[in-house]
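**Q** fold the following for me, if possible:
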Amino acid sequence: MGRVQGAVSYDFKAGIGTSSRRVKLSGREIHVGTLVLANHGSRHQLCIRGVPVGKYITANPIKKHDTGSIVGIIATDAPLLPHQLKRLTRRAYLGLARTGAISSDRSGDFFIAFSTANKVDMEPSQTLTAQWIPNSWLDPVFEAILQAVEEAIINSLVAAKPMKGYNDHYVTAIPKKYVSEIFKTSNPKERH
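**A** Numbering: from 1, shown residues only. Sure thing, here's the model as predicted:
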């Protein structure tokens, strides 16, 4: 059994986080959302909105190495083909990276994606026709996924509460008030 039970990201209690975006594509509003189980990253890596907050919060790190993983699900009502959904999962890793994660050697990170468009009868009586958006329209969807994954990870940290786990090992929640102070006092030039 490990030192703590439950999901830990950037040495803080984490868990499930969600986020979504609305995107206009050729006059049509589409939705993209993500759900993550965040259990990854080392404290010094944590970035929130481009500010390296993990470098400012040095107390009580619990892991020497990034040994966790992140699992994510991406859902959209955009009509996409399987290869386009695979492209969405690749962009999810950019959102992960924006929070500071490097997908270390010991990390097993993966995302899956699905679309709710093109619903079909399980036993069709005729040939089927599917709709999909052109690849050239995907950039706003990629941007939305990147933002939603980043936000879902941060939401998983902000929503989590401290926890005592196996053998009374304790994992703290992210200190929200202190993080707020970091944003108030950090030099905007340090943001990237």
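**Q** and the top helix by length along the chain, what's buried?
**A** Secondary structure of the chain per DSSP state H: the longest helix is helix 139-159. For helix 139-159, the neighbour count (16 or more other C-beta atoms under 10 Å) marks 141-158 as buried. Any C-beta I mention is one placed from the backbone N, CA and C, and that applies to glycine too.
**Q** which element follows that helix toward the C-terminus?
**A** Next in sequence after helix 139-159, counting helices and strands by DSSP states H and E, comes strand 163-164.
**Q** can you classify residue 88 by secondary structure?
**A** Classification of residue 88 by DSSP: H, G, I helix; E, B strand; the rest coil places it in helix.
**Q** what about it, neighbour count?
**A** Residue crowding around residue 88 was assessed by other C-beta atoms under 10 Å; the count is 27.
**Q** quick check: pLDDT value at it.
**A** On pLDDT, residue 88 comes in at 96.
**Q** find the nearest non-adjacent residue to it, please.
**A** In this structure, residue 88 finds its nearest non-sequential neighbour in residue 113, 4.6 Å apart by C-beta to C-beta, 6 or more residues apart in numbering.
**Q** pretty sure the one you found contacts residue 83?
**A** No. In this structure, residue 113 is not within contact of residue 83 by C-beta atoms under 8 Å, at 11.0 Å.
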